[in-house]
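Peer 1: Need coordinates for the below:
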Amino acid sequence: MPVYPGDPIPEFTQIADLHKEGYTDYQIKTGMHVGTHMDAPLHMLEGSKRLSDIAVEKFLGRGCLIDARGAPIINVDFLDRSSAKKGDIVLVMTGFSKKYHHPEYYEKYPEISEDFAGKAIELGVKIVGMDTPSPDRPPFKVHKLLLGKEILIIENLTNLESLLGIKDFEIFALPAKLHTEAAPVRVIAKV
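Peer 2: Numbering: from 1, shown residues only. The predicted model follows:
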């Protein structure tokens, strides 16, 4: 699995075998920002909430898909043209997930603008997710804006194209309940 440049490579090892020990067991060693994962405020803001501090209701909600394919910058216009409202989980589809196993995925991904983040805050959305490795680049202003208002971030989403044309859907984005700044998350859309 590709990882953000500089992050450790995950290790997935079988440590017990059903035929030898009478049970099967695996061990995983990984950073939290691998694959589809959710960022909590502590990821960028000292003294703020960990994922384990966040109520489960925050991880469920009405979904809103924004089709931003081909745009190098996802600005406020995309959000203004959407149906996003308070409490929504906004998913930004750039089409970039197709490049996941190529170096370009981490080098040339589209970014969310600060005005988009500001509008998301104004609307009071719960989560912003995208099919890229990050909504922005260092110094991570968009991360800090969103997380500072407890708008969670989901990175490395896939299969967003399957939601095209669907007006009403719910999102279930339940991260592993770890006492950390981020965690793997399984994101499901119920249509």
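Peer 1: Please list all residues in contact with the residue lying closest to Thr30 once chain neighbours are set aside.
Peer 2: Closest residue in space to Thr30, ignoring its immediate chain neighbours: Pro10 at 3.8 Å, by Cβ to Cβ, 6 or more residues apart in numbering. (Each C-beta comes from the backbone N, C-alpha and C, glycine too.) Contacts of Pro10 were listed using Cβ atoms under 8 Å, 6 or more residues apart in numbering, and they are 1, 3, 28-31, 34.
Peer 1: Quick one, grab the pLDDT at Pro10.
Peer 2: Looking at Pro10, its pLDDT is 95.
Peer 1: before we move on, what about the one 4 residues further on?
Peer 2: The confidence metric pLDDT takes the value 97 at Gln14.
Peer 1: Tell me the strands beside the helix or strand encompassing it, with direction?
Peer 2: Element membership of Gln14, judged by DSSP states H and E, is strand 11-16. Strand 11-16 has its sheet partners listed here by DSSP bridges as strand 25-29 (antiparallel).
Peer 1: Which strands or helices does the very next helix or strand once past the partner strand pack on?
Peer 2: Per DSSP H and E, strand 25-29 leads on to strand 37-39 as the next helix or strand towards the C-terminus. Packing partners of strand 37-39 (3 or more Cβ pairs under 8 Å, 6 or more residues apart in numbering; DSSP states H and E): strand 152-155, strand 170-175, strand 182-190.
Peer 1: From the chain's centroid, how far away is strand 37-39?
Peer 2: The gap between the average C-alpha position of strand 37-39 and the chain average comes to 5 Å, counting by Cα atoms, centre = their mean, to the nearest Å.
Peer 1: All set, thanks.
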